[in-house]
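Enquirer: pasting the structure only:
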């Protein structure tokens, strides 16, 4: 599907058929999601994919009992690594190999710069990983839709409960839940009209930022 | 362009031709970006679009003198409104109009819930707006690429300097810069090989989260 058609047609879908998402489909999906750009290509995103009933039930308890978590074929917890330098060595070795940096000195400078971010206030690294992992969540939603898989991004959940129930240590931030499945109704012709979107005339500012008065 | 082709072909591009981005093109672009999903459809994202040389030069100073800011046809500062309830009334009125909620009582409950988020610690609202605005930034990058417009997402800038230079008050978070323009080289066949991506076998976890040892 062409992207401009996809972005306009996509809806958040909470009602799914019983059709499962098989391994092959998930593999294809995440093979597309992996191309998401991230700052410095540091790729902090991780995906915890829950298809088993009991695991989904556990997540639903952490998500204020929202039904789509257990109705979905898969519920994906998008996590962000809070260590910016977790993959820095591999990333910058790759840059050196492919001539994105001219020499080892520049490569080492980049790596040590990113390692320095570890000393930032925790809030900055949280914002950093949420920003980058959200890019991956957006890609997941679009890639799924193109494959005929509907989704619902969810930010209403208790992150601490998710950490506890799924043994996610303090090194990772639960960023978003994305439920996935085949839409109950024909997803491309939903029964309800599309929700309102703020018009670009309101939130696109030319040269000077003048917030729109509500 | 089909999305799975787009996501794989897309590169971050820092070298642009002198061809400008005209008003019509930008209008079409942001008309696509507006469909981005956000939590509760609250749409905190704002876009400050700089095409004038002197404005881009000012932004470049805030972005550690990175050349692509002034080489680009447009440099877009993606901002996030830090007030979750800024558009809540319009959003939930729309839900009521379109039968997404059954009655006024439910509509008012949602609006007052979101208004309650204003009392959260500032860090939580910062994470909230970064998460949602990043979804819009990702859409911008994909929508642009489909239109033949290359981009470079940038997180390396001094957010406080951006605030000061562009009169952005404390109610908004500078989330990301996205430079836009027509790629100097043929964007769909870049001269350098694609950068490494972490394989899904490493960051997609089935049922249980077991971080990959680096």
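Expert: Perfect, I can see it now. Values in this document were obtained by computation on a predicted structure and should not be read as measured data. Numbering: from 1, shown residues only, chains lettered A, B, ... in the order given.

Enquirer: in the longest helix anywhere in chain A, what counts as buried?
Expert: Longest helix in chain A, counting residues (DSSP state H): helix A:122-146. Neighbour-count burial for helix A:122-146 flags A:125-146 (criterion: 16 or more other C-beta atoms under 10 Å in any protein chain shown). No exception for glycine: its C-beta is placed from N, CA and C like everyone else's.

Enquirer: can you check stretch A:105-125 too?
Expert: A:107, A:110, A:111, A:114, A:117, A:125.

Enquirer: ok, and does that stretch reach over to chain B?
Expert: Yes. Stretch A:105-125 comes into contact with chain B (C-beta under 8 Å from any C-beta of the partner chain), by way of residue A:123.

Enquirer: ranges for the helices of chain A?
Expert: Going by DSSP H, chain A shows helices at A:3-9, A:23-33, A:53-62, A:68-71, A:88-97, A:104-116, A:122-146, A:159-165, A:200-203.

Enquirer: what does the second one rub up against?
Expert: Same thing as helix A:23-33. A:47, A:49, A:74, A:136, A:139-140, A:143-144, A:147, A:149, B:3-4, B:7-8, B:200, B:204 (C-beta atoms under 8 Å, 6 or more residues apart in numbering or on different chains).

Enquirer: equivalent analysis for the last one, please.
Expert: Here helix A:200-203 makes contact (C-beta under 8 Å, 6+ apart) with A:212, B:27, B:30, B:31, B:33, B:34, B:43, B:45, B:46, B:47.

Enquirer: filter those down to the buried ones, PyMOL style.
Expert: Restricted to buried positions by 16+ other C-beta under 10 Å, the PyMOL selection for those reads:
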select buried, chain B and resi 30+31+33+34+43+45+46+47
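
Enquirer: please identify which of the contacts of helix A:200-203 is nearest to residue B:196.
Expert: residue B:33 (28.5 Å; C-beta to C-beta).

Enquirer: center of chain A, which residue is that?
Expert: The structure's chain A has its C-alpha centroid closest to residue A:137; by C-alpha atoms, centre = their mean the separation is 1.8 Å.

Enquirer: my guess is that one contacts residue A:178. True?
Expert: Yes. The pair residue A:137 and residue A:178 passes the contact test of C-beta atoms under 8 Å, sitting 6.0 Å apart.

Enquirer: any shared contact partners between those two?
Expert: By C-beta under 8 Å, 6+ apart, the residues touching both residue A:137 and residue A:178 are A:78, A:153.

Enquirer: where does the nearest residue to residue A:94 once chain neighbours are set aside land on pLDDT?
Expert: Nearest residue to residue A:94, sequence neighbours excluded (C-beta to C-beta, 6 or more residues apart in numbering or on different chains): residue B:196, at 4.0 Å. Per-residue pLDDT puts residue B:196 at 95.

Enquirer: look up how far residue A:98 lies from residue B:196.
Expert: 8 Å (C-beta to C-beta, to the nearest Å).

Enquirer: and residue A:208, by the same measure?
Expert: From residue A:208 to residue A:98 the distance is 40 Å (C-beta to C-beta).

Enquirer: and what of residue A:89?
Expert: Here the criterion is C-beta to C-beta. By it, residue A:89 lies 15 Å from residue A:98.

Enquirer: off-centre distance for the strand ranked longest in chain A?
Expert: Secondary structure assigned by DSSP state E gives strand A:172-181 as the longest strand of chain A. Centroid separation between strand A:172-181 and its chain, computed with C-alpha atoms, centre = their mean, to the nearest Å, is 7 Å.

Enquirer: direction included, what does that strand pair up with?
Expert: Using DSSP bridges, the strands paired with strand A:172-181 are strand A:74-81 (antiparallel), strand A:150-154 (antiparallel).

Enquirer: quick one: buried residues of it?
Expert: A:172, A:173, A:174, A:175, A:176, A:177, A:178, A:179, A:180, A:181.

Enquirer: now residue A:91, nearest residue through space, not along the chain?
Expert: residue A:41 (5.1 Å).

Enquirer: one more: residue A:168?
Expert: residue B:209 (5.4 Å).
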